[in-house]
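Novice: Following is a predicted model, sequence given first.
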Amino acid sequence: MTKIKISVLVYIIFAIAFIIIVPRFFDSYGMGILNQVAIYITLAVSYNLINGVTGQFSLGPNGFIAVGAYVTALVLLTADQKNDLFSLEDPSPIILALHTNSFILALLIAGISACILSLILSFAVFRVRGDYLAIVTLGFGIIIQKLAINFPSLTNGSMGLNGVPLFSNLYWTGGIAIIAVILILNLVYSKFGRAMKAIRDDEDAASAMGINTFWIKTLAFGTSAFLEGVGGGLLVCLLGSVSPEQFGFEFTFILLTIIVLGGLGSTTGAIIGTILIIGGREWLRFLDEIQIKIDFLNIDIHSMPGLRMVAFSLVLILVMLFARRGIFGDRELNYFLNKNSKKKGFK
């Protein structure tokens, strides 16, 4: 059995068992966190494809996620709902005509919209490299956010959209996360994935060896944008609302932290990083309510809002100090499975 088949099989078995068993042990709050973790896994593994595997320093995933979220919301809301929601300007006739009751169709439309936008953007984006690429994509994310605010006939401006159907549950979010991981792993271990890694290591050498670097980077960019658009759709159908403020640079910063912590280029690392970042910041919330009383110093602190983020940041600093390439580096789960098999004497 090949390495990729071993990794995919382990992911599938564990993920399906988790999705089936876990809902029995969590309340609505816990399920909300698990849904967020699943959505961010889809976003993180897709972002890791362009940043970690292909080595293109993109800072614009928040733009594609915003596109996916708005498209999903506008497609799922009925014409009557849109007329009631749009308070700054009347909705455009095109917006009123958009509607479907199919959640999967809405997600596909969201993903395709983000992918088409990425293909158009790639002609400008990939004319530059390195820090310049980061600046261009950062600007793209900001532009999308400002367009959402300044075109109220399309997006209801700064008021955002409410009443989006809450279709997202663990079966949807977890199932799509599984599909995203399988897709990314198969792509990474294909000839296209090897070409992406060659571009990451030395783009000039890859080009000299006959690799069409522009086409490969565009493939990675489009695939990443498609999954980010789908992730945006899942997110808006989990929260029930969407507004421009949700998709600032902080969104990109969280995803960047996740993939760096897990290890750039590692899909397994992106998954572990998501669990630690998204799950950890919620499960440490109890620290905000800790009461501290020191009698001899006459200190009585009833609560310390923000303490969880301080503790969380310290943990991140320690991890990065002792694992500078991230938790997994650029390795996948199969590396450790093969390593353990060799230790036990298996071939």
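Specialist: Here it is on my side, so go on. Residues are numbered from 1 along each chain as shown.

Novice: Low-confidence regions, the stretch 151-300 of the chain specifically.
Specialist: Under the criterion pLDDT under 70, the flagged ranges of the stretch 151-300 of the chain are 286-300.

Novice: actually the stretch 1-150 of the chain, sorry about that
Specialist: Along the stretch 1-150 of the chain, segments meeting pLDDT under 70 span 1-8.

Novice: same thing but at 50, please
Specialist: Applying pLDDT under 50 to the stretch 1-150 of the chain flags residues 1.

Novice: And the helices in it, which stretches?
Specialist: If DSSP state H, counting those that start in this stretch is used as the criterion, the helices of the stretch 1-150 of the chain fall at 3-21, 28-48, 61-76, 79-85, 93-97, 103-125, 130-150.

Novice: just so I know, which of the ones you listed lies nearest residue 247?
Specialist: helix 61-76 (3.8 Å; C-beta to C-beta). Just so you know, the C-beta spots here come from the backbone N, C-alpha and C atoms, and that holds for glycine as well.

Novice: picking that back up, and among the helices of the stretch 1-150 of the chain, the most buried is which?
Specialist: helix 61-76 (a mean of 29; mean count of other C-beta atoms under 10 Å).

Novice: before we move on, back to that, which one, of the helices of the stretch 1-150 of the chain, ends up nearest to residue 278?
Specialist: Residue 278 sits nearest to helix 28-48 of all the helices of the stretch 1-150 of the chain, at 4.8 Å, using C-beta to C-beta.

Novice: That closest one vs helix 61-76, what angle?
Specialist: 120 degrees (axes from the mean of the first three to the mean of the last three C-alpha atoms, to 10 degrees).

Novice: starting at the chain centroid, how far to helix 28-48?
Specialist: Averaging C-alpha positions (C-alpha atoms, centre = their mean, to the nearest Å) puts helix 28-48 8 Å from its chain's average.

Novice: Can I get it in PDB? Just the C-alpha atoms.
Specialist: Below are the C-alpha coordinates for helix 28-48, written out as PDB (Å, rounded to 0.1, in the frame of the first residue of the first chain):
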ATOM      1  CA  SER A  28     -24.700  22.800  21.600                       C
ATOM      2  CA  TYR A  29     -21.700  25.000  22.700                       C
ATOM      3  CA  GLY A  30     -19.200  22.100  22.200                       C
ATOM      4  CA  MET A  31     -20.800  21.200  18.900                       C
ATOM      5  CA  GLY A  32     -20.400  24.800  17.800                       C
ATOM      6  CA  ILE A  33     -16.700  24.700  18.500                       C
ATOM      7  CA  LEU A  34     -16.300  21.400  16.700                       C
ATOM      8  CA  ASN A  35     -18.100  22.800  13.700                       C
ATOM      9  CA  GLN A  36     -15.700  25.800  13.700                       C
ATOM     10  CA  VAL A  37     -12.700  23.500  13.900                       C
ATOM     11  CA  ALA A  38     -14.000  21.400  10.900                       C
ATOM     12  CA  ILE A  39     -14.500  24.600   8.800                       C
ATOM     13  CA  TYR A  40     -11.100  25.900   9.700                       C
ATOM     14  CA  ILE A  41      -9.500  22.600   8.700                       C
ATOM     15  CA  THR A  42     -11.000  23.000   5.200                       C
ATOM     16  CA  LEU A  43      -9.700  26.600   5.100                       C
ATOM     17  CA  ALA A  44      -6.300  25.800   6.600                       C
ATOM     18  CA  VAL A  45      -5.400  22.800   4.300                       C
ATOM     19  CA  SER A  46      -6.400  24.800   1.300                       C
ATOM     20  CA  TYR A  47      -4.400  27.900   2.400                       C
ATOM     21  CA  ASN A  48      -1.400  25.600   3.100                       C
END
